[in-house]
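>>> give the three-dimensional model of this entry:
(chains A and B)
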Amino acid sequence: MRKTRIIIQLLVFVAFVSAFFFLNRNPTAYSWQSEVLLYANPFTGFLVTIASRSFFLPLAITAVSIIVLTVVFGRFFCGFFCPLGAIIDFLDRFLFAKMRSAGRRVPRYFRRIKYVIMTALIVLSLFGSLFPLIIDPLTMTTRFLTMIVNPVLNILGVDLIKIAGLAVPSVSAKIASVYSPLVPLYYGVILTGGLMLLVLGGGFWGKRFWCGYICPTGAFLAVLSRYSIFRRKVVTDKCSSCSRCAKACPVEAIDLKNISKTNISECIECGVCTEIKESCSRFVIGGADKMIPVTGPDLQKRHLIAGAAGGLLLLPVFRATAISKRDDHGRLIRPPGALPEEKFLSRCTGCGECMKVCPTNALQPCMFTDGFSRFYTPKVVPRVGGCEEKCSLCGNVCPNGAIRKLPLEEKKFVKIGTAVIDRHRCLAWAQNRECLVCDEVCPYNAIEFKIVDTTKGRFKVPVVYEDLCAGCGLCEQHCPIFDTAAIVVYKFGENRRESGEYASRWQKEAILERRRKSDSANLEEESAAEDEFGASGSSFSDGFLE
Amino acid sequence: MAISRREFLVSAAGAAAFAAGSGFAQQTTNSKSEVYTAKGSAAEVLPKIMEKMGGISRFVKEGSRVMIKPNMSFPNPPDWGTGTSPEAVYTLAKMCIEAGAKRVIVCDNTIRDPEHCREKTGIAAAIKDLKGSVLFIPKQESMYVHKSDSRAKELRETDVVKEVYLCDTLISLPAAKCHSAGGVSLNLKGLMGLVKDRGAYHREMDMHTAIAEQLYYIKPSLCIVDATRALLDNGPAGPGKVSELKTFVAGTDPVAVDSFAVTLAPWYGKTFEGKQVKHLKVAADLGFGNVESSLISEIAV
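The predicted structure is shown next:
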């Protein structure tokens, strides 16, 4: 069974990583749900449902399926599907196995830690905090892939082209001509990488240390698999009581004193025990078979109490801080289609999928800027990248429904903030220089030039029309001055909705009409006196040559 | 500095005096420049124009690398008038390949997201099946080469797309658009799409002179304005009033071609002459071409 398990694990891992890298990559052709594998996360689905008090159907269906299958067949998720488990197994085979001192066992009681953590997480979600999900294995993997692996691969790719170009210039030019990547970069790299290192570092202590002792998803599945019918059975006449199976078990699920007894909640069904010798251990479907002794999760009332208390004690850190009351910088700009903040926080697990697919690299994790409750949740950082008008990929990939799926026609009316010009720094306003880059780049025609009296004289300057501005931030991204841009997007004016259209039909028509309005009107101020250069005078009519 | 409506598109006296005082002339501009115009679709008209100009082999040699510089910076469909029409790009690229070009590189350093621009302008799809043609949006530092020119007063140094110097021919193929800062966006303004740091033009230089001085660094051998549609207001990104002109203007003198194209349609509701566009006037004063209508002869095809 071990070999079968490894093959399936490998296939699932490749599918997971391929979906991550290759689906939803072309921002003009949205593909099928690359997140179906993220949907399959049972514990996250459970917590998000509790926290948001609502069902997000795709997530609910897959999560419930996995839960039901676990109740029937045990912790196959940990052994067969979990990508973090696959990474841990891989590193163990090629790295940690040699480093671990043989015979070292982790103290028994350690395995209760994961139940305490699980309870704390459930309590925290009851009160709306999903922050602790930074230790959920699936979101940890996608976060790691998004913020570290993807950028590194991109940078390496770019450097490889450069190096190839040194050797053979024409080849490099040819490759470069079709491959023009914008390398995405993210905040929070050290923390994300550090967390992953800590998790994987458990391998020094036990083969699947994380899975057996810390992982809250593992704990959840452990509780569910108490009555699984898929169990390890010892073939008594083949057993020589050598105890090698107990020593080889990566989560120490086999009792050293009674090796035919398996702790069915700890067992991750990896099948290592089945290949020790000639099939002394086998996995069979046999729940009712009294010949297969099992024990259940090492979960006692005091662990539940400790977990609940821990969760409540942590509530101040994660939710009850003053930052929840005000947005300290006024710059927490959420992706277009994000639910209203309370609901958003009760759904976003910080998985990083939206940040990965965003074509302009606009979406970044908040990290420390907006409180722990918003740690890995996405915000638009316009100076890094504005929100592309003709894109709504983030909503397409969000596995929890924290960002709504928006058709492009609807996205035109979503406002995520408002741009404000700092007249003291703007090149046109303050220095009377020819610059209207914000006007040029604005896809919503919300910025126009007007000829006004500035401090230094009459000049052509950009002006923002707040009711047309969508807050996309392309202006802030392209403002050519250094450091903070002279036009900055603030959060005010955002129009987030949980459901329904963002404007009524006549409102939409009015907005579109105003966006098309000509800025020629701004030039009407001057007299109609003909200039000496003999420009053919025409009346200032709106009629154009056809 | 007062700006009246006419001054919006009119050269300041200062620029003329400054250019005259610099005493530089890139080439003699006493001879007339020829611009070739035609009305019709790209497929019909471009071959006729090239034939009238002496054949495309005048510009594209056997086995050469050709770069075509269209407008591709905004991910809008062609009917918005904010980008070169895909048919024009396709027709021109095809003609270059048929003339023996080994490779045709359609290149623009887009303002907006490259992937969106590629697809939504329709240009990627247009040249997809044309063997030997490639769409190139240079976004990495290493794709640019640093250049400086002591003759320039404003644009003393800049980073230009390396590929420009690796190509034997550069054909500029802009759309006809009005532009909030530059007045119009045609061949000269379009050259900004081959440069890395455009912010410097606004931040540190006189923008109009900088646009003109790009011709020290980038010299298109053939300039064709794709006025299939003209964007008459709210340029350069639109959405704005679009006029279906179905016209093409071609020539070897970029200043003359632009200057003539200015007269094709009313911009911002008023008609203008080429010399009323500041960057064109400066370019002419620097000797890059003719802007006076008396020195431009139109040859209708």
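>>> skipping adjacent residues, who's closest to whatever residue of chain A ends up closest to chain B in space?
Nearest to chain B in chain A, going by CB to the nearest CB, is residue A:480, at a distance of 2.7 Å. C-beta coordinates here come from the backbone N, C-alpha and C atoms, glycine included. What sits nearest to residue A:480 in space, not counting adjacent residues and going by CB to CB, 6 or more residues apart in numbering or on different chains, is residue B:199, at 2.7 Å.
>>> so that neighbour touches residue A:437, yeah?
Yes. With contact defined as CB atoms under 8 Å, residue B:199 reaches residue A:437; the gap is 7.4 Å.
>>> more neighbours: these two, which one.
residue A:437 (28 against 16; other CB atoms under 10 Å in any protein chain shown).
>>> what's the spacing between the more buried one and residue B:36?
34 Å (CB to CB, to the nearest Å).
>>> got the contact list for the residue nearest in space to the middle of chain A?
A centroid search over chain A (CA atoms, centre = their mean) returns residue A:352, at 1.7 Å, as the residue closest to the centre. Residue A:352 sits next to A:139, A:142, A:143, A:145, A:146, A:147, A:365, A:376 when contact means CB atoms under 8 Å, 6 or more residues apart in numbering or on different chains.
>>> now do the shared contacts for residue B:199 and residue A:437.
By CB under 8 Å, 6+ apart, the residues touching both residue B:199 and residue A:437 are A:478, A:480.
>>> where are the low-confidence patches of the chain?
No chain specified, so I'll use chain A. Residues of chain A meeting the criterion pLDDT under 70: A:25-38, A:102-104, A:165-181, A:278-279, A:286-293, A:319-320, A:323-328, A:518-546.
>>> chain B was what I was after
The model of chain B has pLDDT under 70 over residues B:1-30.
>>> strands along that one, start to end?
All strands of chain B, identified by DSSP state E, fall at B:33-39, B:65-70, B:103-107, B:133-136, B:144-148, B:157-161, B:169-173, B:175-179, B:183-185, B:222-231, B:242-251, B:296-300.
>>> residue B:81 and residue B:300: what is the separation?
23 Å.
>>> list the residues that contact the closest residue to chain A within the stretch 101-250 of chain B.
Here the residue of the stretch 101-250 of chain B nearest chain A is residue B:199; by CB to the nearest CB that distance is 2.7 Å. By CB under 8 Å, 6+ apart, the contact list for residue B:199 reads A:437, A:478, A:480, A:481.
>>> which one (most neighbours) among those?
Compared across the contacts of residue B:199, residue A:437 has the highest neighbour count, 28 neighbours, by other CB under 10 Å.
>>> who are the contact partners of it?
Counting by CB under 8 Å, 6+ apart, residue A:437 touches A:475, A:478, A:479, A:480, B:181, B:199, B:202.
>>> which one is the third one nearest to, not counting chain neighbours?
Counting by CB to CB, 6+ apart, the nearest residue to residue A:479 once its immediate chain neighbours are dropped is residue A:485, at 3.7 Å.
>>> what about the one you found, how many neighbours?
So residue A:485, with other CB under 10 Å, has 23 neighbours.
>>> show the contacting residues for it.
By CB under 8 Å, 6+ apart, the neighbours of residue A:485 are A:382, A:383, A:475, A:476, A:477, A:479.
>>> that older thread, the contacts of residue A:352 in strands, which ones?
Using DSSP E, the contacts of residue A:352 in strands are residue A:365.
>>> I'd like the contacts of residue A:352 as JSON lines, with distance to chain B and neighbour count appended.
Shown next, in JSON lines, are the contacts of residue A:352 (distance: CB to the nearest CB, whole Å; neighbours: other CB atoms under 10 Å in any protein chain shown):
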{"residue": "A:139", "distance to chain B": "26", "neighbour count": "25"}
{"residue": "A:142", "distance to chain B": "21", "neighbour count": "25"}
{"residue": "A:143", "distance to chain B": "23", "neighbour count": "27"}
{"residue": "A:145", "distance to chain B": "20", "neighbour count": "19"}
{"residue": "A:146", "distance to chain B": "18", "neighbour count": "23"}
{"residue": "A:147", "distance to chain B": "20", "neighbour count": "26"}
{"residue": "A:365", "distance to chain B": "21", "neighbour count": "25"}
{"residue": "A:376", "distance to chain B": "24", "neighbour count": "24"}
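>>> among the contacts of residue A:352, which are in helices?
Counted as lying in helices by DSSP state H, out of those, are A:139, A:142, A:143.
>>> quick check: closest non-adjacent residue to the first one.
If the residues on either side of it in the chain are set aside, residue A:139 comes closest to residue A:351, at 4.2 Å by CB to CB, 6+ apart.
>>> ok, now which ones touch that neighbour?
Contacts of residue A:351 by CB under 8 Å, 6+ apart are A:38, A:138, A:139, A:142, A:143, A:399, A:400.
>>> can you tell me the closest non-neighbouring residue to residue A:308?
Closest residue to residue A:308 apart from its sequence neighbours, by CB to CB, 6+ apart: residue A:123 at 4.9 Å.
>>> next up, the contacts around the one you found.
Shown in contact with residue A:123 (CB under 8 Å, 6+ apart): A:307, A:308, A:311, A:312.
>>> break down chain A into its strands, ranges please.
Remark: strands assigned in chain A by DSSP E are A:230-234, A:262-263, A:281-285, A:294-295, A:363-365, A:378-380, A:418-421, A:447-454, A:457-464, A:487-490.
>>> mind giving me the packing neighbours of the fifth one?
If I follow you right, that is strand A:363-365. helix A:353-357, strand A:378-380 (3 or more CB pairs under 8 Å, 6 or more residues apart in numbering or on different chains; DSSP states H and E).
>>> include mean neighbour count and distance to residue B:151 when you put those into JSON lines, please.
Formatted as JSON lines, the helices and strands packed on strand A:363-365 follow (neighbours: other CB atoms under 10 Å in any protein chain shown; distance: least, CB to CB, whole Å):
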{"stretch": "helix A:353-357", "mean neighbour count": "26", "distance to residue B:151": "47"}
{"stretch": "strand A:378-380", "mean neighbour count": "27", "distance to residue B:151": "44"}
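>>> who wins for proximity to residue A:68 among the strands of chain B?
Nearest to residue A:68 among the strands of chain B is strand B:133-136; the distance by CB to CB comes to 49.6 Å.
>>> which elements pack onto the closest one?
Against strand B:133-136 (3+ CB pairs under 8 Å, 6+ apart) you get helix A:169-178, strand B:103-107, helix B:123-127.
>>> can you name the residues in contact with the last one?
Helix B:123-127 is touched from outside by B:70, B:72, B:83-84, B:86-87, B:89-90, B:93, B:104, B:106, B:118-119, B:133-135, with contacts defined as CB under 8 Å, 6+ apart.
>>> can we see that at 7 Å?
B:70, B:72, B:86, B:87, B:89, B:90, B:93, B:106, B:118, B:133, B:135 (CB atoms under 7 Å, 6 or more residues apart in numbering or on different chains).
>>> the second one now?
Where contact means CB under 7 Å, 6+ apart, the residues beyond strand B:103-107 that reach it are A:177, B:65-70, B:89, B:93, B:96-97, B:123, B:127, B:132-136, B:138, B:161, B:163, B:167.
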